[in-house]
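1. the sequence and its predicted three-dimensional model are supplied below.
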Number of protein chains: 2
Amino acid sequence: MYSNPNRKEWLNLTERPTESLADLQNTVLDIFKEIKQKGDVAIQKYTSLFDGVQLENNCVSIQEINEAKDLVPTELKEAILVAKNNIEKFHTAQKTAKVEVETTVGVTCWQEKRPIQKIGLYIPGGLAPLFSTVLMLAIPANIAGCNEIILCSPPNKEGKMNPVILYTAALCGVTKIFKCGGIQAIAGMTFGTESISKVYKIFGPGNQYVTVAKQVATNFGIAIDMPAGPSELLVLADETCVPKYVASDLLSQAEHGADSQVVLVATNKSIIEPIQKEIAKQIKSLPRKSIAEKAISNSRMILIENKIEAIEFVNEYAPEHLIIVAKEEAFYLENIQNAGSVFVGNYTPESAGDYASGTNHTLPTNGFSKNYSGVNLDSFMKAISFQKITSKGIKNIGKAIEILAEAEGLQAHKNAVSLRLNDLI
Amino acid sequence: MYSNPNRKEWLNLTERPTESLADLQNTVLDIFKEIKQKGDVAIQKYTSLFDGVQLENNCVSIQEINEAKDLVPTELKEAILVAKNNIEKFHTAQKTAKVEVETTVGVTCWQEKRPIQKIGLYIPGGLAPLFSTVLMLAIPANIAGCNEIILCSPPNKEGKMNPVILYTAALCGVTKIFKCGGIQAIAGMTFGTESISKVYKIFGPGNQYVTVAKQVATNFGIAIDMPAGPSELLVLADETCVPKYVASDLLSQAEHGADSQVVLVATNKSIIEPIQKEIAKQIKSLPRKSIAEKAISNSRMILIENKIEAIEFVNEYAPEHLIIVAKEEAFYLENIQNAGSVFVGNYTPESAGDYASGTNHTLPTNGFSKNYSGVNLDSFMKAISFQKITSKGIKNIGKAIEILAEAEGLQAHKNAVSLRLNDLI
């Protein structure tokens, strides 16, 4: 608990615990090298080693997908459709039209977006199947028009993949699904193997090995969605907030992991104690209580009464998730510079964005909202620029190009224009 | 020269010479470490070591900028203004409006772009001052609204920076200019020193040390514009092209460096010999003849008579610059998937885009146009998503969120919704 902290303390208060993953790099590089050389044989070896199962074929069959469909409860299927519908609407709205300008008479420039043709999605294994991440990645990839959307996720010891993952992937247009996890999956998508296609960009969360593997993949020409880090939530609230709602939101962040970052910036002192009491009350009945307790014990409650300082602190912290519940909502919305996804008002819990409001939940954490966007439609596309110049156009700008090229010492650049201008005299 | 090559040969024909920069990584890491610890003292040391000059103060003064203004010839200033005007028009047109959708009744989602607040531009030294890159980076940064736009470029042995660089930087809204180059400049912008501000994203070209330093910077949380590689041009032409123009364009690419990639895809055999003859003729008078000769000797002339195969080859090659001069222009424009910047028709030389048409010249090379955009307005911004849900909205999607959160084993996520729904019964 900090009360109107001095700006000098902000650096401390905005700092995240950093974990160096450099130790893992050599392990990852070795596995990459082996998979590059040996392909599926090496994939099989590491699936056996890390996932404890020998797979003859790591490609999920249509039959397996059909079986999975029958295993997903109807109620869950309906909920998935509600989420899918909203995510589709919001990401479809992000389509951008061709931008075209005649910059000088006869000089037309335009920009168009084209899909990245081959996309790889990584979905981690573990106890809970992260099918919501399948929705968040496959839906915009499909709207963007990516030709190949492959998905890798580790099999369980019986060599099966969670049916909800399979159902959601098939529903959202994933073109091929592989039972393959961890470093070997990222390496497989980086180089391609006999079974797994090489992709151009890899998306999705994962443990520290996957994080390092994605970093390493960028050294081999693969793009990735964004750097990873523990999830985080900052709630910016005043006396108009409902303390039990704020407490529930902070706890929903806290249950993600012991390293989750949970921050409350209160602009009014009166709300802090009620929120703390509500946290203590609600935490008791959580199945993930021990995880949430660890995260909460590292959480920060900060009183910043001045609204300008409050938003400046938030911008300095650059939260992944930001909840704003305040009379001064409009002021904060206008002045927020750095945040992944923003939740406004008492009826907008973070879990709405995690699942079903329509926004994406793959977001920059660890302060990366200062320099990265969350995943959105453009994450699956590239902007290409075009120009077409008429004979009149080259007459209009040709002289300037000649002078500029000459000043940079690039005579052949100048010649390319001079030759054309000479023909047009 | 290849005639209708078999698809199996494409892999070879689209391959770029790869240079491993892993050897440089340790040198770069050591300098980064030292600059992180010692700040300006270490910057001074390396400026002295690499640039051969002892600087008391590496920040360019207003007086130096004013002096530079007087040193730039009027004709060059005017040409710079022509380029600036066009670049401004095209990049201003790339501004995107807020995207807003009510995904479900009571659930409003929107996306807004905000500038990346602190930007660092790197401009290499060398014989020719790359002021055109200052235009290409500072203008969109300024349009985006970035608060701090700093520029680093190495000083000469007299401790001065090229006046055209200084003039252009001041003209385009760069907020601070530092006489600092190479690894030490990238490290300085990564960590910040007493003089140089820490930035969030670094843009700009450089030699192999700068390339590795930018890669290393990403491990410290800094975003970069894109991975680097030698410049390249592919010309896709049929019998409607003017061979001497095509030759001049190929040569303007070839003069960049001995490692420049120069490719001609001809859909008609008749144009190849005339183009080759023109190259031989024009190359003789180039000041950078020996460089251009090396690049041309590695160039590829490929005949692909089938238009579908031709565009598929181009997409597989994924050129940085693509010139299209063909009757089937519309077909190619519709089907191009992977290219940085496209130049259409006989009067659109690549040098137009390098300087003054209005498009950006900082483009993905080395096949990276498969997964990266060239620099554009969005490169200086982040997309933030927002959502605001009313009591009616949470009633509409709350049940779905509860089911989804439960299925992922996240009870606190469910509780955050349940608490609110209970209050609304």
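-> Happy to help now that I have it.

2. stretch A:254-269 close to chain B?
-> Yes: shown here: stretch A:254-269 in contact with chain B (C-beta under 8 Å from any C-beta of the partner chain) through A:Ala254, A:Glu255, A:His256. Using the backbone N, CA and C atoms, a C-beta is placed for each residue, glycine as well.

3. just these: which are in helices?
-> For the residues of stretch A:254-269 next to chain B, membership in helices holds for A:Ala254, with DSSP state H as the criterion.

4. and the closest residue in space to A:Met381 that isn't next to it in sequence, which of the three is it?
-> Spatially, and ignoring its direct neighbours in sequence, A:Met381 is nearest to A:Lys113 (4.3 Å; C-beta to C-beta, 6 or more residues apart in numbering or on different chains). Put simply, A:Lys113 is strand when judged by DSSP: H, G, I helix; E, B strand; the rest coil.

5. run a quick neighbour tally on A:Lys113.
-> For A:Lys113, the number of neighbouring residues by other C-beta atoms under 10 Å in any protein chain shown comes to 19.

6. got a list of what it touches?
-> Remark: with contacts taken as C-beta atoms under 8 Å, 6 or more residues apart in numbering or on different chains, A:Lys113 is in contact with A:Thr96, A:Asp378, A:Met381, A:Lys382, A:Ala383, A:Ile384.

7. closest to A:Ala42 out of those?
-> A:Lys382 (31.1 Å; C-beta to C-beta).

8. using the three-state scheme, assign that closest one.
-> Each residue gets one of three states, and A:Lys382 gets strand by three-state DSSP.

9. just checking, it touches B:Asp378?
-> No: A:Lys382 is not in contact with B:Asp378 according to C-beta atoms under 8 Å; the separation is 11.0 Å.

10. between these two, which is the more surrounded one?
-> When A:Lys382 and B:Asp378 are compared for neighbours, A:Lys382 comes out ahead with 28 against 21, by other C-beta under 10 Å.

11. what distance do you get for the more buried one to B:Ser369?
-> Distance check for A:Lys382 against B:Ser369: by C-beta to C-beta, to the nearest Å, it reads 7 Å.

12. list residues touching both of these two?
-> If you check A:Lys382 and B:Ser369 against C-beta under 8 Å, 6+ apart, the residues they both contact are B:Asn338.

13. please enumerate the helices of the stretch 51-200 of chain A.
-> For the stretch 51-200 of chain A, helices defined by DSSP state H, counting those that start in this stretch occupy the ranges A:62-71, A:74-92, A:131-144, A:163-171, A:182-191.

14. which parts of the second one are buried?
-> The reference is to helix A:74-92. In terms of neighbour count (16 or more other C-beta atoms under 10 Å in any protein chain shown), helix A:74-92 has its buried residues at A:76, A:79-80, A:82-91.

15. same check on stretch A:256-276?
-> Under the neighbour-count criterion of 16+ other C-beta under 10 Å, stretch A:256-276 has A:256, A:258-267, A:271-272, A:275-276 buried.

16. kindly export it (C-alpha atoms) in PDB.
-> In PDB, the C-alpha atoms belonging to stretch A:256-276 read as follows (Å, rounded to 0.1, in the frame of the first residue of the first chain):
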ATOM      1  CA  HIS A 256      -3.600 -17.000 -13.400                       C
ATOM      2  CA  GLY A 257      -0.300 -17.600 -11.700                       C
ATOM      3  CA  ALA A 258       1.800 -16.800  -8.600                       C
ATOM      4  CA  ASP A 259       3.800 -14.300 -10.800                       C
ATOM      5  CA  SER A 260       0.600 -12.500 -12.000                       C
ATOM      6  CA  GLN A 261       0.800  -8.800 -11.500                       C
ATOM      7  CA  VAL A 262      -2.100  -7.200  -9.700                       C
ATOM      8  CA  VAL A 263      -2.200  -3.400  -9.200                       C
ATOM      9  CA  LEU A 264      -4.900  -1.100  -7.800                       C
ATOM     10  CA  VAL A 265      -4.500   2.600  -8.400                       C
ATOM     11  CA  ALA A 266      -7.200   4.300  -6.300                       C
ATOM     12  CA  THR A 267      -7.900   8.000  -6.700                       C
ATOM     13  CA  ASN A 268      -9.900   8.000  -3.500                       C
ATOM     14  CA  LYS A 269      -8.700   6.500  -0.200                       C
ATOM     15  CA  SER A 270     -12.100   5.300   0.900                       C
ATOM     16  CA  ILE A 271     -12.200   2.400  -1.500                       C
ATOM     17  CA  ILE A 272      -9.000   0.700  -0.600                       C
ATOM     18  CA  GLU A 273     -10.100  -0.900   2.700                       C
ATOM     19  CA  PRO A 274     -13.400  -2.300   1.300                       C
ATOM     20  CA  ILE A 275     -11.600  -3.800  -1.700                       C
ATOM     21  CA  GLN A 276      -9.000  -5.400   0.600                       C
END
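
17. for that stretch, what is the distance to the chain centroid?
-> Taking the mean C-alpha point of stretch A:256-276 and that of its whole chain, the gap between them comes to 25 Å (C-alpha atoms, centre = their mean, to the nearest Å).

18. same question for that stretch, mean pLDDT?
-> Average pLDDT, stretch A:256-276: 95.

19. I'd like to know how many residues surround A:Asn57.
-> Per other C-beta under 10 Å, the neighbour tally for A:Asn57 reads 12.

20. next, it: phi, psi?
-> Dihedral angles phi and psi of A:Asn57 (degrees, to the nearest 10) take the values phi -140, psi 120.

21. nearest residue to it in space, please, no chain neighbours.
-> That would be A:Ser195: by C-beta to C-beta, 6+ apart, it lies 7.5 Å from A:Asn57.

22. surely that neighbour meets A:Cys59?
-> Yes: at 5.6 Å, A:Ser195 and A:Cys59 qualify as touching, with contact defined as C-beta under 8 Å.

23. intersection of neighbour lists for those two?
-> Common contacts of A:Ser195 and A:Cys59 (C-beta under 8 Å, 6+ apart): A:Phe178.

24. I'd say A:Val375 and A:Pro140 touch.
-> Yes: checked against C-beta under 8 Å, the pair A:Val375 and A:Pro140 is within contact range at 6.9 Å.

25. which neighbours do the two share?
-> The contact sets of A:Val375 and A:Pro140 overlap at A:Asn360 (C-beta under 8 Å, 6+ apart).

26. what about A:Glu56, neighbour count?
-> The number of residues packed around A:Glu56, counting by other C-beta under 10 Å, is 6.

27. can you pull the contacts of the spatially most central residue of chain A?
-> For chain A, A:Thr362 is the residue whose C-alpha lies nearest the centre (C-alpha atoms, centre = their mean; 3.1 Å). The contact partners of A:Thr362, taken as C-beta under 8 Å, 6+ apart, are A:Thr133, A:Met136, A:Leu137, A:Phe203, A:Gly204, A:Pro205, A:Asp225, A:Met226, A:Gly374, A:Val375.
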